[in-house]
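**Student:** output the structure for:
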Amino acid sequence: MSFGFPKVIPEIDKAIQYARRKNVLMLAAASNYGGNRERTWPARSDEVMCIYATDGDGNKYGKNPTPLANKYNFAVLGESVEALWPPTSPNGRARKARKSGTSTATPICAAIAGIIVTALRLNEDDYVSSIEEGKREETRQLYRQKVTALGRASTMASVFELMVNKEGMRDDYQFIAPWRIFDEGNHKRSTTLENILDKIDA
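**Tutor:** The predicted structure is shown next:
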């Protein structure tokens, strides 16, 4: 959700509650007001992942709101991101433009979450076949429960922690770098899956 409001919007809240019941993961932009305002809604909801923005090196975006103590403050690329945008006139053509903000970072973070879920779904059969035969059906059921659990913000947050610098915060935010679990030479595919599954409480 690349938007935010000062207060709860009942119609949107109904949609969020419906999505939560359907186990749909939800992410929302933190806001672009810097220290002038707090996180906007729905990013401040406990049922939604709040996403901040960084530049390509993980340095905080200057208009991020202040991070919160005792909360996840995940941040991902959202500064000077080039993309195609709708034409400015009815007969115009799509144009390339660079945009910045937490509203830009949020769909990028959603894509990272989607890659996590897709990786687990695509590797289910290979993972289960590696288990001794008598335990395969039980393993498959638990595996699927864990994939389903990724629809909860708190569960996906645990997986995102695998992509955060082991030394902790950067500029007071938890910078998500997906290659930390997907592109390290000492990580086999099976090890990556195990690391993700171990983080999921089903």
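
**Student:** send the alpha carbons of stretch 149-161 over as CSV?
**Tutor:** Provided in CSV are the C-alpha atoms of stretch 149-161 (Å, rounded to 0.1, in the frame of the first residue of the first chain):
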residue,chain,number,x,y,z
ALA,A,149,2.2,-18.4,8.0
LEU,A,150,4.2,-16.0,5.8
GLY,A,151,0.9,-14.1,5.3
ARG,A,152,1.3,-12.7,8.8
ALA,A,153,3.4,-9.6,9.2
SER,A,154,5.2,-10.8,12.3
THR,A,155,6.2,-14.0,10.5
MET,A,156,7.6,-12.3,7.4
ALA,A,157,9.4,-9.9,9.7
SER,A,158,11.3,-12.9,11.2
VAL,A,159,12.4,-13.9,7.7
PHE,A,160,13.4,-10.4,6.7
GLU,A,161,15.7,-10.4,9.7
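
**Student:** could you number the chain from 695 rather than 1 from now on?
**Tutor:** Sure thing, new numbering starts at 695, so read that last one as stretch 843-855.

**Student:** determine which residue lies closest to the centroid of this structure.
**Tutor:** Geometric centre of the chain, nearest residue: residue 803, 4.1 Å, by Cα atoms, centre = their mean.

**Student:** test my guess that it contacts residue 744.
**Tutor:** No. Using Cβ atoms under 8 Å, residue 803 is not in contact with residue 744, being 10.1 Å away. Where you see a C-beta, it was placed from the backbone N, CA and C, and this is true even at glycine.

**Student:** need the contact partners of the lowest-mean-pLDDT helix or strand in the chain.
**Tutor:** Using mean pLDDT, DSSP states H and E, the weakest-scoring helix or strand in the chain turns out to be helix 873-876, at a mean of 85. Applying Cβ atoms under 8 Å, 6 or more residues apart in numbering, the contact partners of helix 873-876 are 809, 856-859, 881, 886, 889-890.

**Student:** thanks a lot, see you next time.
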